[in-house]
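>>> Dropping the sequence and predicted coords here.
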Amino acid sequence: MSVIMCPGFKAAGVAAELKKKGKKDLGLICSRVPANVAGVFTKNRVKAAPVLLDMELIKSGVCQAVIVNSGSANCCTGEQGMRDAEAMASLAASELGISNDLVFVASTGVIGEPLPIEKIKTAIPDLVKSLQPEGIPDLARSIMTTDTVPKMVSAQGIVEGKTFTVTGVAKGAGMIRPDMATMLCFVCTDVGAASEILKETLVKAAHRSFNRITIDGDTSTNDTVLVMANGLSGAVIRSVAQRDIFQKVLDEIFLDLAKQLIRDGEGVTKLVEIMVRGAVSDSDAWKVADTVAHSPLVKTSFFGEDANWGRIVGAVGRADAKVDPDKIDIYFDDVQLVKAGISCGKAVEAEATKVLKKSEFVVTVDLNMGRGSDLMYTCDFSVDYVKINADYRS
């Protein structure tokens with residue numbers, strides 16, 4: 001689709017003076033009719049007020065709108081924080097003319113600072129008036145913090161001759177690691193699907209995408225992923241075959257957004273897929289991929305474009321998995337650096353260095369011990385990452 005939108009949904013983003021420089025910082029997405037909803041939230045024990053509110057609201061399985069702000073996480077703000085989150089929902093619901101319990105809330109930004117609820121109250125009427133079918137890009141910009149570009153994608157599928165659309169928007173550039181999601185993501189679709197089906201497909205899609213990415217190994221207090229389905233296309237997901245069709249489209253949306261998050265990570269210059277195969281089990285493969293992907297030494301060598309495979313081997317060896325050092329093979333794209341735990345030579349390292357100069361490449365670790373496999377998407381650690389996070393609040 002040339003225009004990012006989803007039939008039956010409107011979105012908007014305005015500047016409510018919650019952030020510096022007058023940038024958009026308050027967003028809204030609304031369905032023409034109440035939609036079935038499913039969500040997953042941060043596993044961090046410290047949860048922001050909007051997360052706690054949404055975890056209660058989602059028990060109904062129905063949602064019509066989501067209001068979201070950037071600039072303040074509304075986390076660690078006590079009872080006032082919960083009152084402010086509820087006020088956001090109530091104010092938006094009143095302006096939209098719908099029930100309070102149909103409006104979900106999300107926030108992102110600095111932890112510990114009170115939510116400027118009066119500014120939000122003042123901006124909501126203009127926010128609702130700004131709703132339009134083509135408003136997804138404005139919503140995407142309104143939820144950005146250290147993001148440098150808005151993140152959105154749309155795709156379509158067909159069920160029994162009827163076309164449905166799935167559109168997603170996300171934000172995230174730091175505090176990203178596999179632990180549910182570690183960012184904000186809102187997905188809308190005009191397919192018809194029960195909230196139980198949405199939850200099942202959502203969890204699978206998140207597992208294959210957002211739970212397979214890391215930028216810095218940190219997790220957030222505000223992680224929220226919501227999928228709303230209003231059924232206006234007439235396409236309905238009931239059978240296993242229909243569910244598989246919807247799952248494929250949702251997987252595509254989630255993976256696209258996940259990679260967008262990595263590419264726009266704080267100080268990131270490279271997106272790297274860590275593929276582990278030949279493990280005793282898929283679980284062992286996951287442990288190895290996870291350890292390599294999170295290693296600061298591996299990530300800094302990517303930034304320095306240094307084919308230092310010893311750091312990868314070291315990470316493989318400390319993973320909680322069965323490993324035989326004399327069987328390990330390592331490849332950068334199709335260049336084999338290590339065979340049976342031994343270097344393939346300086347000439348090959350020179351070829352591998354050429355791979356490291358690319359903005360995207362694959363590191364494959366073959367343990368040669370079984371048929372288990374799994375992967376992670378990671379990035380490099382740059383000097384800019386430290387600069388961005390050293391004075392984030394100022």
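Alright, I've got the coordinates.

>>> switch to C-alpha atoms for all contacts and neighbour counts from now on
OK.

>>> What segments of the stretch 201-350 of the chain are strands?
Taking DSSP state E, counting those that start in this stretch as the criterion, the stretch 201-350 of the chain carries its strands at 224-229, 271-279, 329-332, 335-339, 342-343.

>>> Please name every helix or strand in contact with the second one.
Secondary-structure packing of strand 271-279 (3 or more Cα pairs under 8 Å, 6 or more residues apart in numbering; DSSP states H and E): helix 240-263, helix 282-294, strand 360-366, strand 372-379.

>>> Now do the buried residues in the third one.
It refers to strand 360-366. Residues of strand 360-366 classed as buried by neighbour count (16 or more other Cα atoms under 10 Å): Phe361, Val362, Val363, Thr364, Val365, Asp366.

>>> Next: the longest one.
By 16+ other Cα under 10 Å, the buried positions in helix 240-263 come out as 243, 246-247, 249-263.

>>> List the buried residues for the helix or strand of the chain with the lowest mean pLDDT?
Lowest on mean pLDDT, DSSP states H and E among the helices and strands of the chain sits helix 383-390, with a mean of 78. Across helix 383-390, burial judged by 16+ other Cα under 10 Å covers Tyr385.

>>> Where does pLDDT dip in the chain?
Across the chain, the ranges flagged by pLDDT under 70 are 1-2, 177-182, 391-394.

>>> In it, which strand is the longest?
When the chain is parsed with DSSP state E, its longest strand is strand 26-41.

>>> by contact count, what packs against the helix or strand just after that strand?
Using DSSP states H and E, the helix or strand that follows strand 26-41 in sequence is helix 49-57. Counting contacts by 3+ Cα pairs under 8 Å, 6+ apart, helix 49-57 is packed against helix 78-96, strand 103-110.

>>> Out of these, which is the most enclosed?
Counting by mean count of other Cα atoms under 10 Å, strand 103-110 has the highest mean neighbour count of the helices and strands packed on helix 49-57, with a mean of 26.

>>> immediately after it, which helix or strand?
Immediately after strand 103-110, counting by DSSP H and E, sits helix 117-129.

>>> next one: that following helix to chain centre, how far?
Chain-centre distance of helix 117-129: 27 Å, with Cα atoms, centre = their mean, to the nearest Å.

>>> same thing with stretch 25-35?
Taking mean C-alpha positions (Cα atoms, centre = their mean), stretch 25-35 and its chain are 19 Å apart.

>>> wait, Asp320 sits on Lys287?
Yes - contact criterion Cα atoms under 8 Å: Asp320 and Lys287 qualify, at 6.4 Å.

>>> quick one: which of those two has more around it?
The neighbour comparison of Asp320 against Lys287 (other Cα atoms under 10 Å) goes to Lys287, with 23 against 14.

>>> Let me see the contact set for the more buried one.
Residues near Lys287 by Cα atoms under 8 Å, 6 or more residues apart in numbering: Ala319, Asp320, Ala321.

>>> so which of the helices and strands packed on helix 49-57 gets nearest Lys204?
Closest to Lys204 of these, according to Cα to Cα: strand 103-110, at 22.3 Å.

>>> Show me the contact partners of that closest one.
Around strand 103-110, the neighbours that count as contacts under Cα under 8 Å, 6+ apart are 50-51, 53-54, 57, 63-74, 85, 88-90, 92-93, 143, 145, 184, 222, 224, 393.

>>> Glu252 is in contact with Ser154, correct?
No - in this structure, Ser154 is not within contact of Glu252 by Cα under 8 Å, at 9.3 Å.

>>> elements contacting the host helix or strand of Gly157?
Counting by DSSP H and E, the element that carries Gly157 is strand 151-159. Packed against strand 151-159 by the contact rule (3+ Cα pairs under 8 Å, 6+ apart) you find helix 136-142, strand 162-171, helix 240-263.

>>> Rebuild these as TSV, extending it with distance to Glu349.
As requested, those are arranged in TSV below (distance: least, Cα to Cα, whole Å):
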stretch	distance to Glu349
helix 136-142	41
strand 162-171	37
helix 240-263	25
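
>>> Tell me how this protein divides into domains.
What automatic domain parsing lists as the domains of the chain is 9-263, 271-390.

>>> coming back round to it: select, out of the helices and strands packed on strand 271-279, the one closest to Asp326.
Short answer: strand 360-366, nearest of the helices and strands packed on strand 271-279 by Cα to Cα, at 11.4 Å.

>>> quick one: the closest one to strand 372-379, angle?
150 degrees (axes from the mean of the first three to the mean of the last three Cα atoms, to 10 degrees).

>>> Strand 360-366 pairs with which strands, and in what direction?
With DSSP bridges as the test, strand 360-366 is paired with strand 271-279 (parallel), strand 329-332 (antiparallel).

>>> Please identify the most buried of those strands.
strand 271-279 (a mean of 25).

>>> can you state the direction angle for that one and helix 240-263?
When the same axes, to 10 degrees is applied, the directions of strand 271-279 and helix 240-263 differ by 130 degrees.

>>> And the contacts of strand 271-279?
With contacts defined as Cα under 8 Å, 6+ apart, strand 271-279 is touched by 259, 262-263, 285-286, 288-289, 292-293, 322-323, 359-380.

>>> returning to what we had before: how about a markdown table for the strands of the stretch 201-350 of the chain, with distance to Val313 added?
Formatted as a markdown table, those follow (distance: least, Cα to Cα, whole Å):
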| stretch | distance to Val313 |
| --- | --- |
| strand 224-229 | 35 |
| strand 271-279 | 12 |
| strand 329-332 | 9 |
| strand 335-339 | 9 |
| strand 342-343 | 10 |
